[in-house]
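Asks: structure, please.
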Amino acid sequence: MPQIGGFQLLLLVLALPAQYLVSKWMTPTSSDREYMTRRLINGIQNFIRDLTSIDFWKNVLIKVLKFTSVPSSTRIDDNGECVAKEVFNYKDSSGYFASSVEARSPRPSKVAYRVGQVIRHKRWGYRGVIIGWDVKAKAPESWINVNHENNLEWRKMPNYSILVHVDDRSPPQTTYVPEANIEIITNTKVDHPEVDDYFESFDGVQYIPRPWLKEVYPHD
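Replies: Purely as a prediction, here's the structure:
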C-alpha cells in the first residue's frame, strides 16, 4: 500500500468538514455537493501549495520589507489616506509641478486659487481640481519652453497642478497650468482615479483636502 504524504493526508482530513459544510449550507443534490466539495478541496490544495512555495514566501518577504522600510508616517492606508507629505514628494523628488512637500506658509497673497477648487481651462475648456500650486512655474526648463510658449508672464505667475476630469480628457491626466488660464467653477465633481488620494469629500463647491495635503497647504 503506498504511503500517504502529509500533504495528501491533510487534504483527506479537510475533505470531511468541507463535505459537511457543503451538505449543510449548499444545494441538496448530490451532483452539486460533489461539485462544491471539489472546489473547496481545490482551493485548500492551492492555498497549501502557496504556503509551501519558496516563491510565495519570497514575495511576502519583499512586500514586508518594502512596507517596513518606509517610515510609518509615510504609509498609505486602505482608504487611500496618505498620512504624511513625504509620499507626495515620492512622485517627483525635484519638487516640479507643485509636488514640493514644503509647507506653503504663510500663503502668498498673489496666489488667487486654492487646493480643492474646481476649475475650467479658459483656452482648452477642460475641467479639473487643483491639487497643488507654486508661486511661480517650477518645472524643467525644456518643459516650460514648450508648454508656456516662452511666455515670461506665465513663468512668473502662480502655476497650478490639476487633476483633469476624464470626461474632458482621457486617459486620466494631470496638467500644470498658469493662473491666467484658469477660472473657478462650482457644482462640478471631477472624475479622476486619483481624486480620493488627495481629497476626503466634495461639499458641492470644492473638494476637502486629506490631512496630509492640508499639511502642505495649511491656509487653503
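
Asks: lowest-confidence helix or strand of this structure?
Replies: In the chain, the helix or strand scored least confidently by mean pLDDT, DSSP states H and E is helix 6-25, which has a mean of 51.

Asks: and the closest residue to residue 105 other than its chain neighbours, which helix or strand is it part of?
Replies: With Cβ to Cβ, 6 or more residues apart in numbering as the criterion, residue 105 has its nearest non-adjacent residue at 5.3 Å, and that residue is residue 218. The C-beta positions use only the backbone N, C-alpha and C, and glycine is treated the same way. Under DSSP states H and E, no helix or strand contains residue 218.

Asks: wait, residue 218 touches residue 102, no?
Replies: No. Counting by Cβ atoms under 8 Å, residue 218 sits too far from residue 102 to count as a contact (11.6 Å).

Asks: of these two, who's got more company?
Replies: residue 218 (13 against 9; other Cβ atoms under 10 Å).

Asks: which SS state does the spatially closest residue to residue 202 that is not a sequence neighbour fall under?
Replies: Once flanking residues are discounted, residue 202 sits nearest to residue 189: 5.5 Å by Cβ to Cβ, 6+ apart. With DSSP: H, G, I helix; E, B strand; the rest coil as the basis, residue 189 sits in coil.

Asks: please apply the same query to residue 155.
Replies: Put simply, residue 155 is helix when judged by three-state DSSP.

Asks: can you report how many residues lie near it?
Replies: Neighbours around residue 155, by other Cβ under 10 Å: 17.

Asks: avg pLDDT for stretch 182-199?
Replies: When pLDDT is averaged over stretch 182-199, the result is 94.

Asks: ends of it, what's the gap?
Replies: Using Cα to Cα, to the nearest Å, the end-to-end distance of stretch 182-199 comes to 20 Å.

Asks: any chance you could list what contacts that stretch?
Replies: 79-80, 82, 113, 116-122, 127-129, 131, 160, 162-167, 172, 174, 202, 204-210, 213 (Cβ atoms under 8 Å, 6 or more residues apart in numbering).

Asks: any idea which strand is longest in this protein?
Replies: In the chain, with assignment by DSSP state E, the single longest strand is strand 127-134.

Asks: how about the strands in this structure?
Replies: Going by DSSP E, the chain shows strands at 118-121, 127-134, 159-164, 174-178, 182-185, 199-202, 207-209.

Asks: per-residue confidence at residue 103?
Replies: Per-residue pLDDT puts residue 103 at 93.

Asks: what's near enough to touch it?
Replies: If you count contacts by Cβ under 8 Å, 6+ apart, residue 103 has them with 85, 215-218.

Asks: 6 Å - rerun?
Replies: Residue 103 is in contact with residue 216, counting by Cβ atoms under 6 Å, 6 or more residues apart in numbering.

Asks: quick one: it from residue 136, how far?
Replies: Using Cβ to Cβ, to the nearest Å, residue 103 is found at 17 Å from residue 136.

Asks: show me where pLDDT drops low in the chain?
Replies: Under the criterion pLDDT under 70, the flagged ranges of the chain are 1-40, 42-43, 45-47, 49-93.
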